[in-house]
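**Student:** Sharing a model that was predicted from the sequence below.
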Amino acid sequence: MKGRDSLEAQVLTDTEYATDPLLGPALITLEHVHKTYHMGDVEIHALRGASLHIDRGEFVAIMGASGSGKSTTMNILGCLDKPTRGSYFLDGQDVSKLTRDELADIRNRKIGFVFQGFNLLSRTSALENVELPMLYLGVKTHERIERAKEALEIVGLKERMNNMPNQLSGGQQQRVAIARSLVNHPSIILADEPTGNLDSRTSVEVMDVFQRLNRERNITIALVTHEPDIAQYARRVIVFKDGRIKSDYLVKEPRSARDELVNLPPLLDDDEEDE
């Protein structure tokens, strides 16, 4: 049986994506995307004709050195920036020509964001932080609360919903951020270095959340990371270099965060450590 799941750790070309009937229409398609920035008289070519397809339900890691184009690509995927040339289709819609207001609407409805720095409001409870994206869509109070509670339960923080960020560990704060990314039922979650501020064990816990969301709820995830070991939790890795895609391959045997957590020694909670 042919198809993406049968391909193992090999470079995938645009032709393969376009002609394999089992892949279906892509959730995300970049077609020959260029991005040029001007600094005075100097032109900086951040992207040089990148083409990319991401299917619904994929878990993709995006890698590359500083200046490779990975962050620019993430900004375009997140409708935070627009291509200078080329097209970007999200869920079948060409969003590359939309106005700023139209892009903001797309971001609110179809994209969930998770950042390295968590970006939580410090004087607002976990529950209220998770509610925030729904305020922009005018969701009624009762529904906001129920959806926020459900999202916090999904990431294992049901008992912490009334805690302020300074009462949560770094891993718990990141899980609040993941819950916040879920509440508007996005087409894709974009995670930018989500383990960058976390220790090794907590990074595995956060990757377990992403893997469960992808595996159990078929949520599409694109994760930017500079850490090769974190990329191995994804099912596909895309590497950028000099504004182009250098390689695009499936991970033959993705790491299982759940298995790794089971094999880690038990961690004492704060109360036990204080004693």
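**Tutor:** That came in fine, so what should we check first?

**Student:** What segments of the stretch 151-275 of the chain are strands?
**Tutor:** 188-192, 220-224, 236-241, 244-250 (DSSP state E, counting those that start in this stretch).

**Student:** now these in JSON lines, with mean pLDDT?
**Tutor:** What follows is the strands of the stretch 151-275 of the chain, written out as JSON lines (pLDDT from 0 to 100):
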{"stretch": "strand 188-192", "mean pLDDT": "95"}
{"stretch": "strand 220-224", "mean pLDDT": "96"}
{"stretch": "strand 236-241", "mean pLDDT": "96"}
{"stretch": "strand 244-250", "mean pLDDT": "96"}
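
**Student:** Name the nearest residue to residue 48, ignoring sequence neighbours.
**Tutor:** Nearest non-adjacent residue to residue 48, counting by Cβ to Cβ, 6 or more residues apart in numbering: residue 243, 3.9 Å away. All C-beta atoms are positioned from the backbone trio N, CA, C, and that covers glycine.

**Student:** Now the one you found, what are its backbone angles?
**Tutor:** Per-residue torsions, residue 243: phi 80, psi 10 (degrees, to the nearest 10).

**Student:** Around residue 158, count how many other residues there are.
**Tutor:** 11 (other Cβ atoms under 10 Å).

**Student:** Quick check: pLDDT value at it.
**Tutor:** If you check residue 158, the pLDDT there is 90.

**Student:** Output the below-cut-off pLDDT ranges for this structure.
**Tutor:** 1-24, 267-275 (pLDDT under 70).

**Student:** so what's the closest residue to residue 27 other than its chain neighbours up against?
**Tutor:** The spatial neighbour of residue 27 that comes closest, neighbours along the chain excluded (Cβ to Cβ, 6+ apart), is residue 56 at 4.4 Å. Counting by Cβ atoms under 8 Å, 6 or more residues apart in numbering, residue 56 makes contact with 24, 27, 187, 218, 220.

**Student:** Could you identify the longest helix within the chain?
**Tutor:** When the chain is parsed with DSSP state H, its longest helix is helix 200-217.

**Student:** Which strands or helices does it pack on?
**Tutor:** strand 59-63, helix 170-182, strand 188-192, strand 220-224, helix 257-263 (3 or more Cβ pairs under 8 Å, 6 or more residues apart in numbering; DSSP states H and E).

**Student:** for the ones you listed, which one sits closest to residue 247?
**Tutor:** Residue 247 lies closest to strand 59-63 among those, at 9.2 Å (Cβ to Cβ).

**Student:** May I have the secondary structure class of residue 72?
**Tutor:** Assigned with DSSP: H, G, I helix; E, B strand; the rest coil, residue 72 falls in the helix class.

**Student:** For burial, what's the neighbour tally of it?
**Tutor:** The number of residues packed near residue 72 is 23, by other Cβ under 10 Å.

**Student:** so it makes contact with residue 80?
**Tutor:** No. Using Cβ atoms under 8 Å, residue 72 makes no contact with residue 80, being 9.9 Å away.

**Student:** All the helices of the stretch 1-150 of the chain, residue numbers only.
**Tutor:** With DSSP state H, counting those that start in this stretch as the criterion, the stretch 1-150 of the chain has helices at 14-19, 70-77, 100-110, 126-135, 141-154.

**Student:** With distance to residue 45 as added columns, please give those in JSON lines.
**Tutor:** Output for the helices of the stretch 1-150 of the chain, formatted as JSON lines (distance: least, Cβ to Cβ, whole Å):
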{"stretch": "helix 14-19", "distance to residue 45": "20"}
{"stretch": "helix 70-77", "distance to residue 45": "10"}
{"stretch": "helix 100-110", "distance to residue 45": "22"}
{"stretch": "helix 126-135", "distance to residue 45": "33"}
{"stretch": "helix 141-154", "distance to residue 45": "39"}
